[in-house]
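> here is a sequence together with a model predicted from it:
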Amino acid sequence: MKAEIFLVTYGNDYEFTSYTLQSIAKFGRGFAGITIVVPTRDEQLFKPLADRYGCTLRSYYESESKGFLHHQVCKCEADLWCPRDTDLVVHIDSDCIFKEPFSLDTFLEGGRPILLREHFEDFREYHARYSWKQCASYALGLDVQWETMVRHPSVFHVDTYERMRRHIEKRHHYPFTQYVLLQRNEFPQTFAEFPTLGAFALEYDADRYQIVTRLETPGPFYDTKPEWKLGEGQRDIWHFGDRVELRPLVSPVQYFWSRAGVTSQIRQKIETILCQNQT
């Protein structure tokens, strides 16, 4: 099974991207390759970096004043950007740094990609994040209950992307790219790529993914599931048909926030991670 690490980025996140690639080189094993997609204006900036780490670099002409949305379009077209023989796409954002050894098996269970979800009603107070529920519901024409933009990397079967795009086109009677670019580009945007991809996978492909429910306790959804008796520190529920298991989901990623750039404090934290010995 060939898995391609896929990263969509741009010039302002160059330094973050360099650290992300360094962390993949240090800790990652067993992936077919890395594909990086950037706006055409930034292609020459990223070429030496891509060459250094053996990445495939591709570019697109970014729609004026719609940069963030066009960035999301590219993620939803991962099947078009990655090599033709790709089976799984492993998404990573440029402000996510791997902090420990990982391989494709880290993100699979029984050969299926792990799809982590949280119930939207458990965090209504987070207005921007809760707004992804309406975005995904409207895009797909579904009553989306689960948020799937929960952790990086998100891993999807390569055939999920085109099927999702065609579904949205059939519902809205627009080409997929046009539908997305018609949305609001300012935060919070009115299209959200990972909640939409994840909701589509849950609705139409759930048996091809390993579903894990992360519960914030106490929360409205947890209160409806008294049989899920969580102990202290437990909040990840693995679903195996009618059976569930409670065990933590390992995450090898340290998250940062790229909007402020790589501050001196962030740089120190990242370099500490990258200087540690690999075991």
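That came in fine, so what should we check first? Numbering: from 1, shown residues only.

> so R151, which state does it fall into?
Assigned with DSSP: H, G, I helix; E, B strand; the rest coil, R151 falls in the coil class.

> now do the contacts for it.
Residues in contact with R151, defined by Cβ atoms under 8 Å, 6 or more residues apart in numbering, are 116, 249, 251, 253. Every C-beta, even on glycine, is put in place using the N, C-alpha and C of the backbone.

> filter those down to the buried ones, PyMOL style.
Buried residues among the contacts of R151 (16 or more other Cβ atoms under 10 Å), as a PyMOL selection:
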select buried, resi 116+249+251+253
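
> among the contacts of R151, which one sits closest to H127?
In terms of Cβ to Cβ, no member of the contacts of R151 lies closer to H127 than L116, at 21.9 Å.

> give me the residues contacting the strand or helix carrying that closest one.
If you go by DSSP states H and E, L116 is part of strand 112-119. For strand 112-119, contacts defined as Cβ under 8 Å, 6+ apart pick out 88, 107-108, 145-148, 150-151, 155-157, 198, 201-202, 208-216, 219-221, 236, 249.

> what's near enough to touch H152?
91-93, 96, 253, 255.

> please determine how far it is located from H71.
H152 is 15 Å from H71, where distance means Cβ to Cβ, to the nearest Å.

> check P252 too.
Distance, P252 to H71, using Cβ to Cβ: 24 Å.

> now swap in D105 and tell me
Distance from D105 to H71, by Cβ to Cβ: 29 Å.

> tell me which stretches of the stretch 101-250 of the chain form strands.
With strands called from DSSP state E, counting those that start in this stretch, the stretch 101-250 of the chain shows them at 102-103, 108-109, 112-119, 146-147, 154-157, 210-214, 236-240, 243-246.

> P195 contacts S131, doesn't it?
No: the criterion here is Cβ atoms under 8 Å, and P195 misses it with S131 at 9.8 Å.

> give me the more crowded residue out of the two.
P195 (26 against 17; other Cβ atoms under 10 Å).

> what sits against the more buried one?
132-133, 135-136, 144, 147-149.

> same check on L249?
The neighbours of L249, taking Cβ under 8 Å, 6+ apart as the test, are 114, 116, 151, 212, 214, 236.

> rewinding a little: nearest to R243, of the contacts of R151?
L249 (17.0 Å).

> distance of that closest one from F120?
Applying Cβ to Cβ, the value for L249 to F120 is 19 Å.

> for W238, same thing?
20 Å.

> quick one: which of those two has more around it?
F120 (23 against 16).
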